[in-house]
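A.B. asks: Sequence isn't available, so here's the structure alone:
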């Protein structure tokens, strides 16, 4: 299990919570600190999270904040996993790209942009990968209209 004590000490104002469930650790981070926290987790010899497994988002629709970005990290050296959660406010949220830290984030972030409509700032190639360019809403949002969508 990943120990988040050092992370909390390094970023006392950025880490808002640390939760553990059945050996999985989730760290909630403020959006403005995401890049610094991710670079620290990658570079610090106590963590070595050099592999980004996945990026996704969750739409809580009736809660505030509505969206949460979720990053799943893996340290091969330490055989540990870590989940980073970043709450995003508003109906048109944006977050910085982590592609400069983990290049594999490229397609994951594009998928989040395409299916959730979350803007990824400073992404090297932010464009749709699944839906046609004319699509006007995001199918993984809880308020996605199921009726009358027509054909792709």
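C.D. replies: Alright, I've got the coordinates. Just so it is clear, the structure is predicted and the values come from calculations on it, not from any experiment.

A.B. asks: mind listing what residue 89 touches?
C.D. replies: Residue 89 sits next to 64-66 when contact means C-beta atoms under 8 Å, 6 or more residues apart in numbering. C-beta here means a position set from N, CA and C on the backbone, and glycine is covered the same way.

A.B. asks: For the protein, give me the ranges with low pLDDT.
C.D. replies: 147-152 (pLDDT under 70).

A.B. asks: for it, what spans make up the helices?
C.D. replies: Ranges of helices in the chain, per DSSP state H, are 5-10, 34-43, 105-116.

A.B. asks: so what's residue 14 closest to, chain neighbours aside?
C.D. replies: Closest residue in space to residue 14, ignoring its immediate chain neighbours: residue 33 at 3.3 Å, by C-beta to C-beta, 6 or more residues apart in numbering.

A.B. asks: Count the neighbours of that neighbour for me.
C.D. replies: Using other C-beta atoms under 10 Å, residue 33 is surrounded by 16 other residues.

A.B. asks: ok, it - contacts?
C.D. replies: 11, 13-15.

A.B. asks: rewinding a little: out of the helices of the chain, which is closest to residue 133?
C.D. replies: When these are compared by C-beta to C-beta, helix 105-116 sits nearest residue 133, at 10.3 Å.

A.B. asks: thinking again about what came up before, can you select the buried ones among the contacts of residue 89 for me in ChimeraX?
C.D. replies: To isolate the buried members of the contacts of residue 89 in ChimeraX, using 16 or more other C-beta atoms under 10 Å:
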select :66
